[in-house]
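**Q** I'd like to go over a predicted model; first the sequence, then the structure.
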Amino acid sequence: MTYSSLPPRKKPLRNTTPMPPSGRIERTTSMPRGSGFKKTGNPPKRKSSDQAKTNTGLRAFKAEARRRDGDCCVKCGVILNGSGNVHHRRNRGQGGSRKANVISNMITLCGTPLSLCHGEVTLEPDKCDAFGNGWRLSTNGTTDPATEPVNVAWLGWALPLADGTWQAIDAREVA
């Protein structure tokens, strides 16, 4: 079948501009290239001033917890050299993040929430007796984390104080 044998169009073409002699239509604007070309996804939502203040405060509390713990894992005592994570003893999701973001509620653990000590305390608390050792607190408890002792690897039983230090206590006091 050739073009000359096609039936005539019922409607004319919308753009009846003739093709240039070169046979190619030239662009009048340059096509964007590089990192600015076709950004994927939606732009991030702006944080309200309250969220920004909370996140800044959280970073400061985490840094304070690392300093207090000497950048060592509270559970096994390994030196982390900045590779560990700060763990919330009482989860941030239970009871609101403002109440959970206090220095006495945070301890430094090796690994991620899925591996090593942090993973064991988070995923298998019964296996390592995380609640009994104070590495995790009950989500429906109303006690202040500063009054709940923690079994620290290099110190024994201690209370995390609000000033960012540990207060060693006698193991017989922990019942």
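**A** That came through, no problem. Since this is a predicted model, take the numbers as computed values, not measurements.

**Q** give me the number of residues near residue 157?
**A** 19 (other CB atoms under 10 Å). C-beta coordinates here come from the backbone N, C-alpha and C atoms, glycine included.

**Q** where does it fall, phi/psi-wise?
**A** Listed backbone geometry of residue 157 is phi -80, psi 130, with angles given as degrees, to the nearest 10.

**Q** Retrieve the pLDDT associated with it.
**A** In the predicted model, residue 157 carries a pLDDT score of 93.

**Q** Also residue 80?
**A** pLDDT for residue 80: 89.

**Q** shouldn't it be in contact with residue 116?
**A** No: because the distance of 10.2 Å does not satisfy CB atoms under 8 Å, residue 80 is recorded as not touching residue 116.

**Q** so what sits against both of those two?
**A** Jointly contacting residue 80 and residue 116 under the rule CB atoms under 8 Å, 6 or more residues apart in numbering are residue 110.

**Q** immediately after the lowest-mean-pLDDT helix or strand in the chain, which helix or strand?
**A** One helix or strand of the chain scores below all others by mean pLDDT, DSSP states H and E: helix 97-100, with a mean of 64. Per DSSP states H and E, the first helix or strand lying C-terminal to helix 97-100 is strand 106-109.

**Q** From the rest of the structure, what touches that following strand?
**A** Contacts made with strand 106-109 from outside it, assessed by CB under 8 Å, 6+ apart, are listed as 61-62, 65-66, 69, 71-75, 80, 84-89, 116-118, 121, 135, 150, 160.

**Q** make it 10 Å
**A** In this structure, residues lying in contact with strand 106-109 by CB atoms under 10 Å, 6 or more residues apart in numbering are 58, 61-62, 64-76, 78, 80, 84-90, 100, 116-122, 134-136, 145, 150, 152, 160.

**Q** Which ones among the residues you listed lie within strands?
**A** 85, 86, 87, 88, 150, 152, 160 (DSSP state E).

**Q** Please report which of those has the highest neighbour count.
**A** Comparing the ones in strands among the contacts of strand 106-109 on neighbour count, residue 160 comes out first with 28 neighbours (neighbours: other CB under 10 Å).

**Q** Name the nearest residue to that residue, ignoring sequence neighbours.
**A** Leaving aside its sequence neighbours, residue 160 sits nearest to residue 104 (CB to CB, 6 or more residues apart in numbering; 4.2 Å).

**Q** Surely residue 112 touches residue 120?
**A** No: counting by CB atoms under 10 Å, residue 112 stays clear of residue 120, with 11.2 Å between them.

**Q** confidence score at residue 89?
**A** Among the per-residue scores, residue 89 holds a pLDDT of 88.

**Q** That one is in contact with residue 149, isn't it?
**A** No: taking CB under 10 Å as the definition, residue 89 is not a contact partner of residue 149, at 11.0 Å.
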